[in-house]
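Engineer: predicted model follows, preceded by the sequence.
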Amino acid sequence: MAGYTFYPEELDIIHQQNSFNQARNKSFFSALNFNLIKPSAKENVPNSGRITRLFRPLRIILTLLGRWPFQPQPQDVTTISSISSSSRTSPLSQIIEPDLAWIEQRAAAGSRFGQPLPSDPTISPTIPVYDLYTGSLKSGVVFWMYFILTTLFLSTVLLFSVLGFCDFFLDWRLFAVSSWDEEEKRNFESNLVPFVLVWSCLLHSSISSISFIIKRKTVAKFLNYWNFAIDSMDIDVPKGIKRYVLMNHAFFLSFLIIIFIAYRILCLNLIRGGSVLVGILTVRPVIFLFDSTQGLFKIRIFGMVVILYSVYASRAFLLLFSFKSKLLRHAFKIWNKRLKMLIRSSPTAKIITSFSRFPPRACTEGISRDENCTFAARTIFMGKATRSSVGVTCGLPHLSYTDEKLRCEKAFEDYRVLLKLVRLTDQVFGMVLQSYYGSQLLNMCFELYYLARSGTYNKTPLEILAALIVLVQNIYIFFTVSLDAANVNEEAMRGLEILRRTGISQNQSIHRKYLMANMQIIFTQKIVLSGGKYFSVDRPFIVTVLGAVFTYFIIVLQVGPSLHKKIEES
């Protein structure tokens, strides 16, 4: 800064600021590294383990039904004092301990970038390690064996049903003909639609389960990172999300109970005929084992078990995706509120209310001489002198300066955390969404067709009501999953609207300007959940899917009379 003579106290301030920058660059983000941190109930960390406790009821249900092998494994807490001499190469051993304590205390205390931060540098922090689910890959052998067995069951049933369908429909004659071949043909003609619905559920559940097995390390990282994100951003997770997910799960389990009642008590053709056809096509490779008087009854029972479990297995990962989408939307919503607080707060107010440590001094050499123009003001406003009619006193300028800088950096880093959550969600649920929407087109088309042809397939009002319940359930799941994912996109892009309404003012600090400029660069790309990068789940996508379903339904309805006539003749 040519032509300007610094006072000794100002040089001390600059030196302190440089020391802080060096410590921050070495420790701030590395100390919050994903692989180093995990929550512990022993430590007073805000919201520590909150996401794990919130997920516990749903995790228990999924585990009991063989749809969730990942179980949290509690581990000991790592403190700074317990770091051994063998880890001298780690970033934690290369930092200045007082500065690390100050920064870590800010982070561990849930320092929100829209609120004032604590500044006590005497607290010795404890660094929790977010690694709850990595150990479940090795120690949770029982849960993994259970999950793999259920996956093998679904995959085997899917394979056998496809072979049975090809053997019967395409007349491959790969397997022996059963003694009730004529009844098998009648079931196939009148219950083809229920079989297609069950087959699509088998396909989706098998692909989803295999995807989770292949990506098990990514899933564990995803679950661990959620714990880190909730704690580091200090997000208060509302209990309404927990109630929302449990209500959805209860709704779907109630639907399965209704299916069982319809099979056992009401004897509806939609369920009984569908279970017989599913059972016959599945056991067709070993049909000789069921050539007895009780063989058809056993096949019907087996088909009913396949229907109930395949439908639940298909919806289990969708409900989990809906849960994570709700959390992600809430996290973006909290970030948007804090961004609004940050960019609307006045940086000059912090300068005016600074506590006095040094007497005010006049500006010199090339800058207007005004006793109210202090080094604190020049620091905030890029070295330009500012005037104040209320009398700005020079307190400890680097505190307000650092506080402003940290909050802006915290805002940007929090958004990077959210972007990583979006990326991990895509990696974990990509195949789940691809297989779901791919089979959903087929599902909804045939369900609509089955309901439209109720006069042919369904002879009683209860049969029509059962077909309507199946359709409503499927539509409800479709809108729940799709809208929850689409809301993430809307909430993520809402930050851009906040920046547009606010704009970049000349009087804003350089850190806020950098933050807003960086955020505008990020918002040039659409932030949205996708199905393995093949499609983006937003509101236009929902309209596209519904349009495709309606179009294919009209096509199927037009070619339906020929099948309708054939069924009447039989």
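Structural biologist: Received the coordinates, thanks.
Engineer: any low-confidence regions in the stretch 151-300 of the chain?
Structural biologist: 175-184, 189-190, 263, 265-270, 288, 291-293 (pLDDT under 70).
Engineer: how about Ser530, nearest residue that isn't a chain neighbour?
Structural biologist: Distances taken as CB to CB, 6 or more residues apart in numbering put Ser536 closest to Ser530, at 4.8 Å, once the chain neighbours are dropped. Placement of C-beta: from N, CA and C, glycine included.
Engineer: how about the helices in the stretch 451-570 of the chain?
Structural biologist: Along the stretch 451-570 of the chain, counting by DSSP state H, counting those that start in this stretch, helices occupy 454-457, 461-502, 510-522, 539-569.
Engineer: now the stretch 151-300 of the chain
Structural biologist: 181-190, 192-214, 216-232, 239-261, 269-282, 295-344.
Engineer: hey, which helix or strand in this protein has the poorest pLDDT?
Structural biologist: Here the helix or strand of the chain ranked lowest by mean pLDDT, DSSP states H and E is helix 375-380, holding a mean of 35.
Engineer: would you list the helices of the stretch 451-570 of the chain in CSV and tack on mean pLDDT, distance to Val276 and mean neighbour count?
Structural biologist: Below are those laid out as CSV (pLDDT from 0 to 100; distance: least, CB to CB, whole Å; neighbours: other CB atoms under 10 Å):
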stretch, mean pLDDT, distance to Val276, mean neighbour count
helix 454-457, 56, 14, 16
helix 461-502, 87, 16, 18
helix 510-522, 82, 56, 16
helix 539-569, 77, 16, 13
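Engineer: quick one: closest of these to Ile257.
Structural biologist: Each of these has some distance to Ile257 by CB to CB; the shortest is helix 461-502, at 11.8 Å.
Engineer: can you check what angle separates the closest one from helix 295-344?
Structural biologist: Going by axes from the mean of the first three to the mean of the last three CA atoms, to 10 degrees, helix 461-502 is angled at 20 degrees with respect to helix 295-344.
Engineer: angle of helix 461-502 against helix 192-214?
Structural biologist: 40 degrees.
Engineer: could you shift the numbering so residue one becomes 16, and keep it that way?
Structural biologist: All set: I'll call the first residue 16, so the last point we hit is now helix 476-517.
Engineer: tell me what helix 476-517 is packed against?
Structural biologist: helix 254-276, helix 284-297, helix 310-359, helix 412-467, helix 469-472, helix 525-537, helix 554-584 (3 or more CB pairs under 8 Å, 6 or more residues apart in numbering; DSSP states H and E).
Engineer: tell me which of those helices sits most buried.
Structural biologist: helix 284-297 (a mean of 26; mean count of other CB atoms under 10 Å).
Engineer: and for it, what's in contact with it?
Structural biologist: For helix 284-297, contacts defined as CB atoms under 8 Å, 6 or more residues apart in numbering pick out 172, 175-176, 179-180, 183, 193, 199, 202-203, 205-207, 209-210, 212-213, 274, 277-278, 302, 311, 314-319, 321-322, 465, 472-474, 478, 481-482, 485.
Engineer: at 7 Å what do you get?
Structural biologist: For helix 284-297, the external contacting residues (CB atoms under 7 Å, 6 or more residues apart in numbering) are 172, 175-176, 179-180, 183, 199, 202-203, 205-206, 209-210, 213, 274, 277-278, 314-315, 317-319, 321-322, 473, 478, 481-482.
Engineer: circling back to that earlier point, nearest to Trp83, of the helices and strands packed on helix 476-517?
Structural biologist: For Trp83, the closest of the helices and strands packed on helix 476-517 is helix 310-359, at 7.7 Å, according to CB to CB.
Engineer: and the helices and strands packed on helix 476-517 as a markdown table, adding distance to Arg515?
Structural biologist: Shown next, in a markdown table, are the helices and strands packed on helix 476-517 (distance: least, CB to CB, whole Å):
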| stretch | distance to Arg515 |
| --- | --- |
| helix 254-276 | 29 |
| helix 284-297 | 53 |
| helix 310-359 | 12 |
| helix 412-467 | 16 |
| helix 469-472 | 52 |
| helix 525-537 | 9 |
| helix 554-584 | 20 |
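Engineer: not counting sequence-adjacent ones, nearest residue to Ile273?
Structural biologist: Closest to Ile273 by CB to CB, 6+ apart is Ile484, at 6.6 Å.
Engineer: list the residues that contact Leu483.
Structural biologist: Leu483 touches Leu466, counting by CB under 7 Å, 6+ apart.
Engineer: buried residues in the one helix or strand Ile66 maps to?
Structural biologist: Assigned by DSSP states H and E, Ile66 belongs to helix 65-79. By 16 or more other CB atoms under 10 Å, the buried positions in helix 65-79 come out as 65-67, 69-70, 73-74, 76-78.
Engineer: so who does Ile519 touch?
Structural biologist: When contacts are counted by CB under 7 Å, 6+ apart, Ile519 touches 528, 531.
Engineer: repeat that with 10 Å
Structural biologist: Residues counted as contacts of Ile519 (CB atoms under 10 Å, 6 or more residues apart in numbering) are 358, 527-528, 530-532, 535.
Engineer: and which of those is nearest to Val571?
Structural biologist: Among these, and counting by CB to CB, the member closest to Val571 is Gln535, at 47.5 Å.
Engineer: just give the closest residue to that closest one, not the sequence neighbours.
Structural biologist: Leaving aside its chain neighbours, Gln535 sits nearest to Leu514 (6.1 Å; criterion: CB to CB, 6+ apart).
Engineer: contacts only, for that neighbour.
Structural biologist: 354-355, 358, 530-532, 534-535, 538.
Engineer: surely Arg299 meets Val172?
Structural biologist: No: using CB atoms under 10 Å as the test, Arg299 is too far from Val172 to be in contact (11.7 Å).
Engineer: which neighbours do those two share?
Structural biologist: By CB under 10 Å, 6+ apart, no residue touches both Arg299 and Val172.
Engineer: can you give me the distance of the closest residue to Lys435 other than its chain neighbours to Lys341?
Structural biologist: Spatial nearest neighbour of Lys435, excluding adjacent residues (CB to CB, 6+ apart): Tyr240 at 6.8 Å. Separation of Tyr240 from Lys341 (CB to CB, to the nearest Å) stands at 17 Å.
Engineer: same check on Ser151?
Structural biologist: As judged by CB to CB, Ser151 and Lys341 stand 23 Å apart.
Engineer: next: Val447.
Structural biologist: 16 Å.
Engineer: try Ile542
Structural biologist: With distances taken as CB to CB, Ile542 is found 16 Å from Lys341.
Engineer: I appreciate the help and will end here.
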